[in-house]
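K.L.:
My questions are about this predicted structure, shown below with the sequence.
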Amino acid sequence: ETIMGDTAVCVHPDDERYKDFVGKQAVVPMGGGRTIPIIADDYVDMEFGTGALKITPGHDPNDYSIGKKYDLPIINIMNKDGSLNSNAGEYNGLDRFDARQKLWDDMEAEGITLKVDPHTQRVPRSQRGGEVIEPLVSSQWFVKTEGMGAKALKAVEDGDIKIVPQRFDKIWNNWLTDIHDWCVSRQLWWGHRIPVWYVGETGEAEYIVARNEQEAREKAIENGHPEDVVLRQEDDVLDTWFSSGLWPFATVGWPQSEGDENSDLERFYPSTCLETGYDILFFWVARMAMMGLELTGKSPFSVVYLHGLVRAADGSKMSKTKGNVLDPLDTVAEYGADSLRYSLVTGVTPGQDIPLNMEKIEANRNFANKLWNCCKFVTGNALKDVDETELSQLGVTGPIEKEEFDSLALPERYIVSKCHELVASVTEDIENYQLGAAGSKVYEFLWDQYADWYIEISKTRLYEGAGGGDAEEAKAARRVLVYILDTSLRVLHPYMPYVTEQLWHHLPRAPASADQAAHALMLSDWPQMDDSPLVTSEEAVSTFECFQALTRSIRNARAEYNVEQGKRISAVVIASGELKIELEKEMKSLVALARLDPDQVSIFERDSEEAKSISSEDTVQLVVQDGIEAYLPLSGLIDPEKERKRLEKQQEKLSKEIQKLSGRLSSKGFVDKAPAAVVEKAKAELEELEDQAKKVEISLEALGV
């Protein structure tokens, strides 16, 4: 049906079939004898169809470009309701689909059709109504973007705007160096109405651009119109991206507050960091930059932090048709808002998509539970029965200083050092927009260091049954427990705001400062408020790591020899110098963590007579690291007879499995017929079984069997 709007036939200039026709006229079928020129352009694909392309500038965007290139007339044959207008001749008033069929029938009746071939093509449809969209030429409002685009391009080149990650600079440059005028008018019922007023009761020939109707009327009068002139505002609204491009400054009082030093515009514009998805870098971010620079003379932000898109666990795009869409409200209901938030933020690398794994969200829910249990231990156990005076002194008012730090025992110096290192590292990461790395470090510290090590050691200070009883030692432990948890909650708060705020209110807190709107964690000081480094001790960290390595070695030996969990064993530790002194001070911590018999644990100086004599006894030697060893008497680890029976039973079972698998692999039928992967898997299993059998044999030899 759009054939009635054709204004040319185009062929390829190298197409020998049509060279003689270029420059001549073609008759438009059913067009009442109307003729159109035959033109040549390399836009045409000679191999597609007939190689002759009808050009309809009024109803096809590509044809419109060719029409502009060759100054072809533009004919619109369609009304906005989908019916044909008077330019369609005898088909005027027909619906587009009815006109299509009638026109084809008429051409067949005239005998000017050759054949019908099925052809699949992409048909644009309305997202809301599903109707087929018909392109047509109409009057729209455009914004000239060349000048604004150059300013936004220069802002990134000069470093006035920094894009994180930097690789998106190239995409920014590609968009803004090949920029076109921007169509900003939309035929919708909602949005910012375009600030244009037409003069007179009809027509659109004369119009006035103004901020409001009063200003438009004043301009009309200046142009010679009477005071009661009729003004009609444009019905179209601005493109959503145009409206949202105004957001950085329009929301804080622009343009009314320009020049007012006490306004929100002066106070909050420009902002610092914009965080958004990389998929709208041009549609939104570039538009904000262009309009901010054009209308205010300032870049609306100094940093653009681009996150990725949230995808399904396998990396595919979430889609209703695939059934892999996760409703965040359902996720929050099951796992909590903080778990989802933490998973998204720590799972992100700037500019990379985020696979949303439910197992990860569940693990982070467990982390929130772990955090809750840590706080419950501190408030319900460590601080139980503590008097009000001490509680008031436990509120954190600032970092632990060097004098107090030096007075602490090794585990306390270690955990404070690690905490201060964490604060410095997280602060640096956040300032460099490495948000995922920073959040993960807090998780690792709280779980692996605070919960697994220090809380367990603190019990040896707090409980008499675990070796405690010293009032000053217990007080120092309470101070460090509260300090570390309070500091950790502060650095974790941006990632898990709800659970950290809730837990912080259960801890002893210093009184709120006079300028605080509320006594809340979110308004509290960051643990490191300036560039001054927090106190740490490399020596304490190194020494305590020796203690940790010793504890792990003994635990591993217990597991290797299947020592019952509740059984306490004896041990002799060989160390020297300051390390020996510190280990002796923390004997009760070693006893608690490695489950040793406190009456059968000794620490001897290296090269002493005691150290030489223990090495000749029937023991398991553990070389922990340079400068520290441990010896565990075999008699304390196992019941020899019981262990011998267990090992013989295991040896018999392994022997049968090895014999069965060896027979299978020695069978020519299996090796020749089974898939290569299956054969390789069987060989690997046999190798593993033989290795296990060898270890059992060594263990039996060690028992003297």
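P.N.:
Perfect, I can see it now. Numbering: from 1, shown residues only.
K.L.:
for the residue nearest the centre of the chain, phi and psi?
P.N.:
When C-alpha atoms, centre = their mean is applied to the chain, the residue found nearest the centroid is V348 (2.9 Å). The phi/psi pair for V348 (degrees, to the nearest 10) reads phi -100, psi 140.
K.L.:
Next, the contact list for it, please.
P.N.:
307-308, 354, 435-436 (C-beta atoms under 8 Å, 6 or more residues apart in numbering). The C-beta positions use only the backbone N, C-alpha and C, and glycine is treated the same way.
K.L.:
Now the buried members of the residues you listed.
P.N.:
For those, a neighbour count by 16 or more other C-beta atoms under 10 Å gives the buried set as 307-308, 354, 435-436.
K.L.:
quick one on the thing from earlier: dump the contacts of V348 to CSV, plus secondary structure and distance to W189.
P.N.:
Output for those, formatted as CSV (DSSP: H, G, I helix; E, B strand; the rest coil; distance: C-beta to C-beta, whole Å):
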residue, secondary structure, distance to W189
H307, strand, 33
G308, coil, 34
I354, strand, 36
L435, helix, 40
G436, helix, 42
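K.L.:
Show me what counts as buried in the top strand by length along the chain.
P.N.:
Counting residues, the longest strand found in the chain (DSSP state E) is strand 596-605. Buried residues in strand 596-605, counted by 16+ other C-beta under 10 Å: 596, 601, 603-604.
K.L.:
That strand - contacts with which helices or strands?
P.N.:
Contacts defined by 3 or more C-beta pairs under 8 Å, 6 or more residues apart in numbering; DSSP states H and E place strand 596-605 against strand 569-575, helix 577-585, helix 587-594, helix 609-614.
K.L.:
Let me have the ones you listed in a markdown table, extended by mean neighbour count, mean pLDDT and distance to K162.
P.N.:
Compiled in a markdown table, the helices and strands packed on strand 596-605 are given as follows (neighbours: other C-beta atoms under 10 Å; pLDDT from 0 to 100; distance: least, C-beta to C-beta, whole Å):
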| stretch | mean neighbour count | mean pLDDT | distance to K162 |
| --- | --- | --- | --- |
| strand 569-575 | 23 | 90 | 51 |
| helix 577-585 | 15 | 92 | 47 |
| helix 587-594 | 21 | 93 | 47 |
| helix 609-614 | 14 | 79 | 60 |
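K.L.:
Now do the lowest-mean-pLDDT helix or strand in the chain: which elements does it pack against?
P.N.:
The least trusted helix or strand in the chain, going by mean pLDDT, DSSP states H and E, turns out to be helix 634-637, with a mean of 70. Contact here means 3+ C-beta pairs under 8 Å, 6+ apart; on that basis helix 634-637 packs against strand 569-575, strand 619-625.
K.L.:
how far away is the residue nearest to Q625 when sequence neighbours are not counted from V573?
P.N.:
In this structure, Q625 finds its nearest non-sequential neighbour in A549, 5.6 Å apart by C-beta to C-beta, 6 or more residues apart in numbering. Distance, A549 to V573, using C-beta to C-beta, to the nearest Å: 12 Å.
K.L.:
Likewise for E90?
P.N.:
E90 is 106 Å from V573, by C-beta to C-beta.
K.L.:
what about the helices in the stretch 201-350 of the chain?
P.N.:
Along the stretch 201-350 of the chain, the stretches classed as helices by DSSP state H, counting those that start in this stretch are 213-222, 240-245, 247-250, 264-268, 287-296, 328-335, 337-346.
K.L.:
Tell me which of those sits nearest to I658.
P.N.:
Between I658 and the helices of the stretch 201-350 of the chain, the tightest spacing by C-beta to C-beta is seen for helix 337-346, at 45.0 Å.
K.L.:
What average pLDDT does that closest one get?
P.N.:
On average, the pLDDT along helix 337-346 is 93.
K.L.:
Which elements pack onto it?
P.N.:
Partner elements for helix 337-346 (3+ C-beta pairs under 8 Å, 6+ apart): helix 328-335, helix 358-377, helix 435-444, helix 497-504.
K.L.:
quick one, the longest one and helix 497-504 angle?
P.N.:
Direction vectors for helix 358-377 and helix 497-504, defined by axes from the mean of the first three to the mean of the last three C-alpha atoms, to 10 degrees, enclose an angle of 10 degrees.
K.L.:
Next, the angle from helix 358-377 to helix 328-335.
P.N.:
Using the same axes, to 10 degrees, helix 358-377 lies at 50 degrees relative to helix 328-335.
K.L.:
distance between helix 358-377 and the chain's centre?
P.N.:
The gap between where helix 358-377 is centred and where its chain is centred comes out at 20 Å by C-alpha atoms, centre = their mean, to the nearest Å.
K.L.:
So what touches that helix?
P.N.:
Taking C-beta under 8 Å, 6+ apart as the rule, helix 358-377 contacts 313, 326, 331, 335-336, 338-340, 342-343, 346-347, 443, 446-447, 450-451, 455, 485, 492, 496, 499-500, 503, 506-507.
K.L.:
how about 6 Å then?
P.N.:
Applying C-beta atoms under 6 Å, 6 or more residues apart in numbering, the contact partners of helix 358-377 are 335-336, 338-340, 342-343, 443, 451, 499, 503, 506.
K.L.:
Quick one: mean pLDDT for stretch 695-704?
P.N.:
Mean pLDDT, stretch 695-704: 74.
K.L.:
Below-threshold pLDDT in this protein: ranges please.
P.N.:
Within the chain, the ranges that satisfy pLDDT under 70 run 615-617, 636, 639, 643, 702-705.
K.L.:
which residue ranges form the strands in the stretch 101-250 of the chain?
P.N.:
Listed in chain order, the strands of the stretch 101-250 of the chain (DSSP state E, counting those that start in this stretch) span 142-143, 162-164, 182-183, 185-186, 196-199, 207-209, 231-233, 237-238.
K.L.:
Given the second one, what are its sheet partners and their directions?
P.N.:
Which is strand 162-164. strand 303-307 (parallel) (DSSP bridges).
K.L.:
try the third one
P.N.:
Within its sheet, strand 182-183 is paired with strand 142-143 (antiparallel), according to DSSP bridges.
K.L.:
next one: the fifth one
P.N.:
For strand 196-199, the paired strands and their directions (DSSP bridges) are strand 207-209 (antiparallel), strand 231-233 (antiparallel).
K.L.:
Specify the stretch among the ones you listed that is closest to E697.
P.N.:
That would be strand 207-209 among the strands paired with strand 196-199, by C-beta to C-beta, at 93.5 Å.
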